[in-house]
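[1] this one's structure only:
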């Protein structure tokens, strides 16, 4: 009765392209250069297409939101060695080291983000972490105030069954 359907095989490159469409306008409006690099043989993971779209939308949307005009956001997706690695790198305001450990906590917002009067709920990254972990992966952040941030998620690759 309460059987759960198995997670779908999700082409992360296609989900990324769909997520980018509305975000490109935001980037253009702020004069932020978006660069996308997709490479690798297996770019699929098990999960929900809507949830993976939410991951891309949150990470790229934040990168655009916290990057000043004239900056850049680089997005990459790589597949190989049994895993898929997604990365969003920006030239934004960065995150203070002392705030990085709380970054994926619900309702947390770093003081420098609040000081910029940039609106947000503090829920996006908590949702991203929950989705990535639910798909068997993990997410990392590297950041330096005034230089930008890099968010990297690593998921187990899921190959389609042989025909």
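    Nice, I can see it. Predicted model, so just to flag it, every value in this text is computed and none were measured.

[2] now residue 38, which residues is it bridged with?
    residue 77 (DSSP bridges).

[3] Contacts only, for the residue nearest to residue 40 when sequence neighbours are not counted.
    Nearest non-adjacent residue to residue 40, counting by CB to CB, 6 or more residues apart in numbering: residue 79, 3.0 Å away. Heads up, the C-betas are built off the backbone N, CA and C, glycines and all. The contact partners of residue 79, taken as CB atoms under 8 Å, 6 or more residues apart in numbering, are 39, 40, 41, 42, 43, 44, 85, 157.

[4] where's residue 79, which helix or strand?
    Element membership for residue 79, per DSSP states H and E: strand 72-80.

[5] can you count the residues close to the nearest residue to residue 39 once chain neighbours are set aside?
    Nearest residue to residue 39 in three dimensions, chain neighbours excluded: residue 78, at 5.6 Å (CB to CB, 6+ apart). Residue 78 is flanked by 17 other residues according to other CB atoms under 10 Å.

[6] what's near enough to touch residue 78?
    For residue 78, the contacting residues are 38, 39, 40, 84, 85, 87, by CB under 8 Å, 6+ apart.

[7] if we can go back for a sec, the strand holding residue 79: which residues count as buried?
    Buried residues in strand 72-80, counted by 16 or more other CB atoms under 10 Å: 72, 73, 74, 75, 76, 77, 78, 79.

[8] tell me which of these is nearest to residue 51?
    residue 77 (16.0 Å; CB to CB).

[9] residue ranges of the strands in the protein, please?
    For the chain, the strands defined by DSSP state E occupy 8-11, 33-40, 44-47, 72-80, 83-90, 138-144, 148-156.

[10] so can I have CSV of the ones you listed showing mean pLDDT?
    Listed next are those as CSV, based on pLDDT from 0 to 100:
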stretch, mean pLDDT
strand 8-11, 92
strand 33-40, 95
strand 44-47, 94
strand 72-80, 96
strand 83-90, 97
strand 138-144, 95
strand 148-156, 97
